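[1] Predicted model and sequence below, questions to follow.
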Amino acid sequence: MKYINTKIAVAAALILMLGAASSCKKETAPTPTEISLSLPSQVSLRYGETQEIKLPKDLSTNAGLTFSFDFYQIADINLGNGIKLSNKLNQAIKFNNEKQSILINSSILYPNGAQSNSARIPDDYKVTVIAKES
């Protein structure tokens with residue numbers, strides 16, 4: 001009787017080990033691809049000027065990247081008539097997918113340091129460029 005119980009225990013242990021081994025399939029996440037992208041750390045424009053920052057032509061199509069901008073470092077000032085500074089920044093700084101470039105139109109913005117109602121426009125705009133793989 002002792003012999004049969006040992007066989008059953010060994011068989012049960014083997015079944016458990018095989019079940020555990022077969023259910024532990026290693027799922028590997030795809031390794032993110034690093035892409036070198038050179039953007040200026042600072043851009044200076046006079047009020048009314050536009051600037052286009054060119055990116056490599058095949059960057060978006062080959063890498064599947066989408067670009068967006070974040071203005072979290074800038075206080076969202078109410079400029080009057082329900083217009084906020086973040087709205088103006090979203091209009092002034094755009095990514096052009098066809099040209100693969102970032103276009104900055106300073107004529108949409110208010111001059112730095114200007115007074116608007118009771119708020120003062122920041123001396124500089126700090127923008128974060130976000131590239132996401134789709």
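    On my side now, so go ahead.

[2] CA atoms for contacts and neighbours, from now on please.
    Will do.

[3] Kindly indicate whether residue 102 is helix, strand or coil.
    Recorded secondary structure, residue 102: strand (DSSP: H, G, I helix; E, B strand; the rest coil).

[4] what's the helix or strand for the nearest residue to it once chain neighbours are set aside?
    Leaving aside its chain neighbours, residue 102 sits nearest to residue 95 (4.5 Å; criterion: CA to CA, 6 or more residues apart in numbering). When secondary structure is defined by DSSP states H and E, residue 95 falls within strand 93-96.

[5] which secondary structure elements does that strand contact?
    Here strand 93-96 touches strand 65-70, strand 101-105, going by 3 or more CA pairs under 8 Å, 6 or more residues apart in numbering; DSSP states H and E.

[6] need the contact list for the nearest residue to residue 89 once chain neighbours are set aside.
    Counting by CA to CA, 6+ apart, the nearest residue to residue 89 once its immediate chain neighbours are dropped is residue 109, at 6.8 Å. Residues touching residue 109, when contacts are defined by CA atoms under 8 Å, 6 or more residues apart in numbering, comprise 47, 88, 89, 92.

[7] Just list the residues touching residue 84, thanks.
    Here residue 84 is in contact with 76, 77, 78 (criterion: CA under 8 Å, 6+ apart).
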